[in-house]
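Peer 1: Sharing a sequence plus its predicted fold:
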There are 2 protein chains.
Amino acid sequence: MTTEYSGTGDPKRSMELLWGGPERPRRGPKPRLTVAQIARAAIEIADAEGLTGLSMRRVADQLGVTAMSLYTYVPGKAELLDLMLDTVYGEEPEPTTAGARATDRRTTAGETAAEETRATEAGAGGRASGGKVTGAEDWRTRLERLARQNYARYRRHPWLLQVATSRPVLGPNLMARWNQELAAVDGLGLTEIEMDLVVTLLGDYVHGAARAAVEADQAEQRTGMTDEQWWYAYAPLLEQVFDVARFPVAARVGEVAGAEYRAATDPARSFEFGLPRVLDGIEAFLRTRPATEEAARDAAESPS
Amino acid sequence: MTTEYSGTGDPKRSMELLWGGPERPRRGPKPRLTVAQIARAAIEIADAEGLTGLSMRRVADQLGVTAMSLYTYVPGKAELLDLMLDTVYGEEPEPTTAGARATDRRTTAGETAAEETRATEAGAGGRASGGKVTGAEDWRTRLERLARQNYARYRRHPWLLQVATSRPVLGPNLMARWNQELAAVDGLGLTEIEMDLVVTLLGDYVHGAARAAVEADQAEQRTGMTDEQWWYAYAPLLEQVFDVARFPVAARVGEVAGAEYRAATDPARSFEFGLPRVLDGIEAFLRTRPATEEAARDAAESPS
DNA sequence: CATAACTCTGTACATCGTACGCGGTTAATC
DNA sequence: GATTAACCGCGTACGATGTACAGAGTTATG
C-alpha cells in the first residue's frame, strides 16, 4: 500500500470528465449513475475508511451496481481519483471580495469550521517581530485563512495527503484554488516566481503539519487506544532499553512533553505554533523586497 | 494503496528485534538469514520500486528463500517496516562535536551528498532580516544541517514519506536522532515544550518540501516523460478549457514559471527558498525569548 | 421494425499478506 | 551415542485487489 497518484490515468479522459464533456449522445439505456455521484460516493468511502478501504467493488456496492459497471463512466481508478481530487477542492466557499469569511457550508469533520474561521480574529495580532509593516495585515490574514482552509481540508479528507499532485490533472476547482492562492500574494512587489515560491512554502508546511495531525487521529482510531493509554502500555518496554545518559535531551523533553500533553505530541498545538513562524519568515522576506503592497497598488492604479 | 503504518505490529516484538534480543544458542538448524539482512533487502526493494513494489515474496526472492520463511525472523510486514525505519535512521554519521560535517558515507541517490554539505557553507549567511543576533549562527547552522539531512534521507528513501510515524516504535537510531534534533535547540532559553515545537515545525516543513521533490522524481520515472515533455503534451488540453479572465493570476504566474523552470515547479529551488524562511521565522521567535544561547550557557556553567 | 449504440453483469487472472501443517536439521538431554 | 525438543524453511490455501473480455439487455435512430 502506497501513495496513489493523480494523473496516472489518461489526462485527456480526465480533463473531459472534469470540465464537463457536454456530450449527451443518447442511444442506449438511460445511465443509472453520474460521474459526480460516483466521485462523491468514492470520497465518502475514502473519508471513512481511507484510501485502502476504497475499492471499485466497494464504490459499486454503495451505489447498487457491480464493479464493472463503473467502468462505463470512468476509465479506471486513477481517473476516479482525479475526479475526487478536484471535487473536494470545490468545497470551499467562492472567494468573494475583501472581507470574505471562510465559514461553514459543509463541515463534515467537526471542529474544522472553528479552525478555519479563527484566521479572521487571530489575523496579524501578536506576531513575534512586532514591528508594524505597512499593508502587512492584509496579505498575512489572507495567507493565514488559506492555510487554515487547506489544513481543514486535509483533516476532512485525510486521503488527500496520500494523493501525489506533482502533475495534477487540473480541474476547474483545482485551478480556481491555485489562482486564489497566488492572488493572495499578488501586488506585494514579488516577481511571479517569488509568488509561486511563497505559496509553495506555505503549502508544504501545511501539508506536513496536517499529516502529523491526521496520523495522530488515525493512530487512535486504528489501535482503539488514546495516546495516553498507548503510552502507558508502551513506556515499560521503552524503559527497559532507554539509556538516559545516551539520550539526555530526549529524556528531558520527553518527560515534560508527556506530562503536559498526556501524549507524545499535540499536532494541533504544533500547527498553531508553526503557522505564525512560517508567516513571520515570509514577512521577513517581504521586508527585503522593494515595493510594499500599497506602493504596488498605487503604481498599478495610477493611469501612468 | 495507502500509507503504511509504523507500530502496527506488536510493539513488544518490534522492540525486541530493534534493541537486539541477545538470545544466541538455539536448537534447530542454523538460520540462513538475519533480521538485519532482511531489513536491508526490503529497503533496497522499497528504494527501487516503492512501497507498492515491496512484498514479502519479493524480499524472499531477493534473499533466495520463500515468502513464508521470512516469518520465522519477523512476525509480519508491519514489524519489518519498523525495522526498515530504524535502519535508515542509522545511516547518518554519528553526531560528533562542534564542526561535524554531514558528508558521504553511503550516498545512494546522487546529488544528495552535495545538498547535505551545503549547510556548512551557506550557514547563517545572507539571511533576510540581516540583523546580527548573538549566537544565532550556531543553532541556525545546526538546524539547517539537520534539515538537509532529513531532506536527503527522504530523497534516498522516498517510501519514508509514506510511513506514518505518529506512534513509532522507537528503535535506537530513531531515538538517537530525536535526541540529536532536540539537542540542536537546547540551551537557547526555550522551554522543553518550545524545543519540541521548533523541531516539529522544521520537521513538518522538510517533510512537505521533500514530498514535493520526490513526487516530481517519481512522476518522471512513472510516465517516462520529463516535466517539459509532459507539459508539451498537456498544454493543448488545458488551453481548450482555460479561461484567462477567470484565472488571471494563475495565468500570469503559470506562464512565467513555465518559461523559467521548463516545468510547472522546481522542488529543489522551492526548498532552497523555503528553508531560510522557516529558519527566519524561528529566529524571530527566538528574539522574543529572554535568554540568548550564551546567557543560558553561562548560567548553566557557573557553579551557582 | 431493424439496428447501432449504449449500459450493465459474470467470469477470470495475477498479486497481495499470511494462517496452517509438514518434513528436515540441529543441539541439548539422557 | 541415541533420543528428542526446538527450530527452519516450504507448499498450499484463502479472500482481497484492479480490470480485460464476452455477452445480455435496453433504447433512440434509420
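Peer 2: Yep, it's here. Small disclaimer: the values here were computed from a predicted structure and weren't measured.
Peer 1: Go ahead and confirm residue A:51 touches residue A:161.
Peer 2: No - the criterion here is C-beta atoms under 8 Å, and residue A:51 misses it with residue A:161 at 9.5 Å. Where you see a C-beta, it was placed from the backbone N, CA and C, and this is true even at glycine.
Peer 1: can you tell if the helix or strand residue A:81 falls within touches chain B?
Peer 2: Element membership of residue A:81 [criterion: DSSP states H and E] is helix A:77-88. No - on the criterion C-beta under 8 Å from any C-beta of the partner chain, helix A:77-88 is out of touch with chain B, staying 9.8 Å away.
Peer 1: Now do that helix, average pLDDT.
Peer 2: The pLDDT scores in helix A:77-88 average 94.
Peer 1: So which other helices or strands are in contact with that helix?
Peer 2: On a contact count with 3 or more C-beta pairs under 8 Å, 6 or more residues apart in numbering or on different chains; DSSP states H and E, helix A:77-88 meets strand A:4-5, helix A:11-18, helix A:35-53, helix A:172-184.
Peer 1: looking at those, which has the lowest confidence?
Peer 2: Within the helices and strands packed on helix A:77-88, confidence is poorest for strand A:4-5, with a mean of 64 (mean pLDDT).
Peer 1: quick one on the thing from earlier: other residues contacting the helix holding residue A:81?
Peer 2: A:4-10, A:13-14, A:17-18, A:35-36, A:38-40, A:42-43, A:46, A:56, A:59, A:70, A:74, A:153, A:156-157, A:160, A:163, A:165, A:168-169, A:171-174 (C-beta atoms under 8 Å, 6 or more residues apart in numbering or on different chains).
Peer 1: Got a quick PyMOL command for the buried subset of these?
Peer 2: What follows is the PyMOL syntax selecting those of the contacts of helix A:77-88 that are buried according to 16 or more other C-beta atoms under 10 Å in any protein chain shown:
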select buried, chain A and resi 4+5+6+7+8+9+13+14+17+18+35+38+39+40+42+43+46+56+59+70+74+153+156+157+160+163+165+168+169+171+172+173+174
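Peer 1: Distance-wise, check the nearest residue to residue A:75 once chain neighbours are set aside relative to residue A:73.
Peer 2: Here the nearest residue to residue A:75 in space, its sequence neighbours aside, is residue A:13; by C-beta to C-beta, 6 or more residues apart in numbering or on different chains that works out to 5.0 Å. Summarising the geometry, the distance separating residue A:13 from residue A:73, computed by C-beta to C-beta, to the nearest Å, is 11 Å.
Peer 1: ok, now residue A:225?
Peer 2: Here residue A:225 is placed at a distance of 41 Å from residue A:73 (C-beta to C-beta).
Peer 1: ok, these two, which is more surrounded?
Peer 2: Counting neighbours by other C-beta atoms under 10 Å in any protein chain shown for residue A:225 and for residue A:73 shows that residue A:73 has the greater number, 20 against 16.
Peer 1: can you pull the contacts of the nearest residue to the more buried one once chain neighbours are set aside?
Peer 2: In space, not counting the residues next to it along the chain, residue A:73 is nearest to residue A:35; the distance is 5.2 Å by C-beta to C-beta, 6+ apart. Residues in contact with residue A:35 (C-beta under 8 Å, 6+ apart) are A:17, A:73-74, A:83.
Peer 1: wait, which of the residues you listed is closest to DNA strand D?
Peer 2: Proximity of the contacts of residue A:35 to DNA strand D was ranked by C-beta to the nearest atom of the strand; the top entry is residue A:74 with 8.3 Å.
Peer 1: Would you mind giving the helices and strands packed on helix A:77-88 as JSON lines with distance to residue B:63 added?
Peer 2: Rendered in JSON lines, the data for the helices and strands packed on helix A:77-88 read as follows (distance: least, C-beta to C-beta, whole Å):
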{"stretch": "strand A:4-5", "distance to residue B:63": "29"}
{"stretch": "helix A:11-18", "distance to residue B:63": "40"}
{"stretch": "helix A:35-53", "distance to residue B:63": "27"}
{"stretch": "helix A:172-184", "distance to residue B:63": "44"}
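Peer 1: and of the ones you listed, who's closest to residue A:203?
Peer 2: Each of the helices and strands packed on helix A:77-88 was checked against residue A:203 via C-beta to C-beta, and the shortest separation belongs to helix A:172-184, namely 7.5 Å.
Peer 1: for that closest one, packing partners?
Peer 2: Using 3+ C-beta pairs under 8 Å, 6+ apart as the contact definition, the elements that helix A:172-184 packs against are helix A:77-88, helix A:136-156, helix A:192-223, helix B:248-261.
Peer 1: So which of those helices has the densest surroundings on average?
Peer 2: Comparing the helices and strands packed on helix A:172-184 by mean neighbour count (mean count of other C-beta atoms under 10 Å in any protein chain shown), helix A:77-88 ranks first with a mean of 24.
Peer 1: near DNA strand D at all, that helix?
Peer 2: Yes - residues of helix A:77-88 are located near DNA strand D by C-beta under 7 Å from any atom of the strand, namely A:77-78.
Peer 1: now check that helix, is it near DNA strand C?
Peer 2: No - counting by C-beta under 7 Å from any atom of the strand, DNA strand C has no neighbours in helix A:77-88; the shortest distance is 13.6 Å.
Peer 1: Show the model's pLDDT score for residue A:278.
Peer 2: Reading off the confidence values, residue A:278 has pLDDT 98.
Peer 1: ugh, wrong one, residue A:2
Peer 2: Among the per-residue scores, residue A:2 holds a pLDDT of 52.
Peer 1: Is the closest residue to residue A:289 other than its chain neighbours in a helix, a strand, or coil?
Peer 2: Excluding its sequence neighbours, the residue lying closest to residue A:289 (C-beta to C-beta, 6+ apart) is residue A:189, at 5.0 Å. Assigned with DSSP: H, G, I helix; E, B strand; the rest coil, residue A:189 falls in the coil class.
Peer 1: can I assume residue A:189 is in contact with residue A:288?
Peer 2: No - here residue A:189 does not reach residue A:288: they are 10.5 Å apart, not a contact under C-beta under 8 Å.
Peer 1: thinking again about what came up before, centre of the chain to the helix holding residue A:81, how far?
Peer 2: Here helix A:77-88 shows a centroid-to-chain-centroid distance of 15 Å under the convention C-alpha atoms, centre = their mean, to the nearest Å.
Peer 1: and if you look at stretch A:156-164?
Peer 2: For stretch A:156-164, the distance between its averaged C-alpha position and the chain's averaged C-alpha position is 8 Å (C-alpha atoms, centre = their mean).
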